[in-house]
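J.: Got a predicted model here, sequence first, then my questions.
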Amino acid sequence: MIEHAVPTLPENEIFELVERLDVRGPRYTSYPTAPVWKNHFPTETYQAGLDALVSRGNPVAAYLHLPFCKSRCLYCGCNSFITGKSDTICNYVDRLITEIRNTGNHVNRKLRHSWLHLGGGTPTHTPVDKLAELLDVFLGEIPGIENAERSVEVDPRVTTDEHLRVLADRGFRRISIGLQDFDEQVQKSINRVFAVDQMKAFIDRCRSFGFVSVNIDLIYGLPYQTRDTWRTTLEQVGELKPERLASFGYAHLPDKIKHQRALPADKMPPPRERLGMLLDANKHFASMDYQIIGLDHFAAPHDKLAEAVRNGHLWRNFMGYTEIRGVEMLGFGASSIGEMNEMFVQNTTLPDVYNQRIDEDGWAVARGHSLDHDDRIRKELINELMCNLIVRVPDGADETPGLRDTLQETVANLAPYVEPGLIEPHDDGWKVTALGRLFLRNLAMPFDRYLPEQANVTFSRTV
Ligand SMILES: C[S@@+](CC[C@H](N)C(=O)[O-])C[C@H]1O[C@@H](n2cnc3c(N)ncnc32)[C@H](O)[C@@H]1O
Ligand code: SF4
């Protein structure tokens, strides 16, 4: 069992603490967070970012967004659209290919990738030949360095052997499977039924095609889940021996996401039960020697991410956790996000609008944010906190006059969190404890200089 992985405080006391400290706040998958970014970000600014990327000469990470799915999972909060028409998918993929070619032309094919991720939606809902064409164009325009990592998100219900072969032949070795829960009543309520033995057979098939790393996504907080049903799911999932796991708290936003209204809210577990499920997942996977990553991800002890945690080198971006610190990222497709030293940039969200933008001017940039030095330092501080559980002022803080003192004061202001056991002194800052892991967002929020201007944004609860 990994030491200090789970809080030792009795559950009741944890519940009371959470109720006392619970506030609404961002999840900090980026800093500055997406609501701060500006609409109408100029394509020329993005292109200048691409030029800077080429001049730095480092390999990049790339994300390709394929938003279509065969059927609607009622909890889904992703940018996804249901269609049974292969024409709709192929028309979109043609535009995606155009965007990739235009980028390759702009950088004179001087970029290389160290990481490629296909996400969605359901990338394997794409007709096999079209998927192969898309990947071949990408690999020609932005070729991989040796041992580049390639990963894909799949819905096992629509993923065929042909899809797996096309991906494996092009160097994909990591696969991320949406499972969510094994309980039949839960599965029916969310409109996503897939039995344990089907999942086991699917994972065996993936491995036989050469996928050496399997990730499984779970969600707690869904209708009809109880701690008992959830613990059964955790055990069944553990037996599948995935290399990585994610256990997300269900984000219920029925005002914004219409199809979520079809879920019975009165059957969803109450807050204490929901928090208990998070603790159950932490306990169960820690007892199997998985390393806890951030708040709700897990990696097998031999996995690169577990090693990165042990060395304090974990980092993260919009594609998830990574052991490559500071890797810059390009996004292709509707709603995809790029992250470079100088900026965040996001494409337009709706596939139809994306198609039109690509047809009209070859690019689909819609929003973004140029980072100043203050942003970059705070981003580094918050990332270090969310990934490596350390709070300290980063080395380069002095370039902006007064910034070091401001941040040092904010670090000192976290002192009241020592007494309830969330943090402990470490170098010239703090180290977050196993209990404090539950409150990472609370600890990050004081460092966010944009929070005061976001009073009208609705955030989910911090825990
Ligand atoms: C972008 S989805 C794509 C995965 C793939 N389409 C599938 O369903 O198998 C990635 C993951 O986000 C998580 N997710 C989606 N909607 C969510 C929500 N409302 N709250 C929490 N997690 C969610 C699910 O665990 C899902 O597997
Ligand atoms: S969870 Fe995956 S398969 Fe289901 S609707 Fe969302 S993106 Fe599509």
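T.: The structure has been received and is ready for your questions. Ligands and ions are numbered 1, 2, ... in the order given.
J.: near ligand 2, which residues of the chain show up?
T.: 69, 72-73, 76, 78, 80, 120-122, 155, 178 (CB under 6 Å from any ligand atom). The C-beta positions use only the backbone N, C-alpha and C, and glycine is treated the same way.
J.: Turn the residues you listed into a markdown table, including pLDDT, distance to Leu278 and neighbour count.
T.: Output for the residues of the chain next to ligand 2, formatted as a markdown table (pLDDT from 0 to 100; distance: CB to CB, whole Å; neighbours: other CB atoms under 10 Å):
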| residue | pLDDT | distance to Leu278 | neighbour count |
| --- | --- | --- | --- |
| Cys69 | 97 | 27 | 20 |
| Arg72 | 97 | 26 | 15 |
| Cys73 | 97 | 21 | 20 |
| Cys76 | 97 | 20 | 20 |
| Cys78 | 93 | 21 | 18 |
| Ser80 | 95 | 25 | 18 |
| Gly120 | 94 | 26 | 24 |
| Gly121 | 95 | 27 | 27 |
| Thr122 | 97 | 27 | 27 |
| Asp155 | 95 | 24 | 21 |
| Gly178 | 94 | 19 | 22 |
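J.: Pick the one among the residues you listed closest to ligand 1.
T.: Gly178 (2.2 Å; CB to the nearest ligand atom).
J.: Pretty sure that closest one sits against Val152.
T.: No: using CB atoms under 8 Å, Gly178 makes no contact with Val152, being 11.7 Å away.
J.: CSV please, covering the residues of the chain next to ligand 2 and showing secondary structure and distance to ligand 1.
T.: Formatted as CSV, the residues of the chain next to ligand 2 follow (DSSP: H, G, I helix; E, B strand; the rest coil; distance: CB to the nearest ligand atom, whole Å):
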residue, secondary structure, distance to ligand 1
Cys69, strand, 6
Arg72, coil, 11
Cys73, coil, 6
Cys76, coil, 5
Cys78, coil, 4
Ser80, coil, 7
Gly120, strand, 5
Gly121, coil, 6
Thr122, coil, 4
Asp155, coil, 4
Gly178, strand, 2
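J.: Tell me the spacing between Asp136 and ligand 2.
T.: 24 Å (CB to the nearest ligand atom, to the nearest Å).
J.: So that residue, which state does it fall into?
T.: Taking DSSP: H, G, I helix; E, B strand; the rest coil as the rule, one finds Asp136 in the helix state.
J.: List the residues that contact it.
T.: Contact analysis of Asp136 by CB atoms under 8 Å, 6 or more residues apart in numbering lists Arg170.
J.: swap in the one 5 residues further on?
T.: With contacts defined as CB under 8 Å, 6+ apart, the neighbours of Glu141 are 100-101, 103-104, 109.
J.: Please pick the buried ones from the residues you listed.
T.: The neighbour count (16 or more other CB atoms under 10 Å) marks 100, 103-104 as buried among the contacts of Glu141.
J.: neighbours around the residue of the stretch 301-450 of the chain found nearest ligand 1, how many?
T.: The minimum distance from the stretch 301-450 of the chain to ligand 1, using CB to the nearest ligand atom, falls at Gly320 (10.1 Å). Using other CB atoms under 10 Å, Gly320 has 18 neighbouring residues.
J.: is it in a bridge, and if so with what?
T.: Asn317 (DSSP bridges).
J.: What sits closest to Ser30 if chain neighbours are left out?
T.: Phe344 (6.1 Å; CB to CB, 6 or more residues apart in numbering).
J.: give the contact list for that neighbour.
T.: Counting by CB under 8 Å, 6+ apart, Phe344 has contacts 30, 32, 34, 37, 337-338, 368-369, 371.
J.: In three-state terms, how would it be classified?
T.: At Phe344 the chain is in strand, as set by three-state DSSP.
J.: Give me the pLDDT for it.
T.: pLDDT recorded at Phe344 is 98.
J.: same thing with the one 5 residues further on?
T.: On pLDDT, Thr349 comes in at 96.
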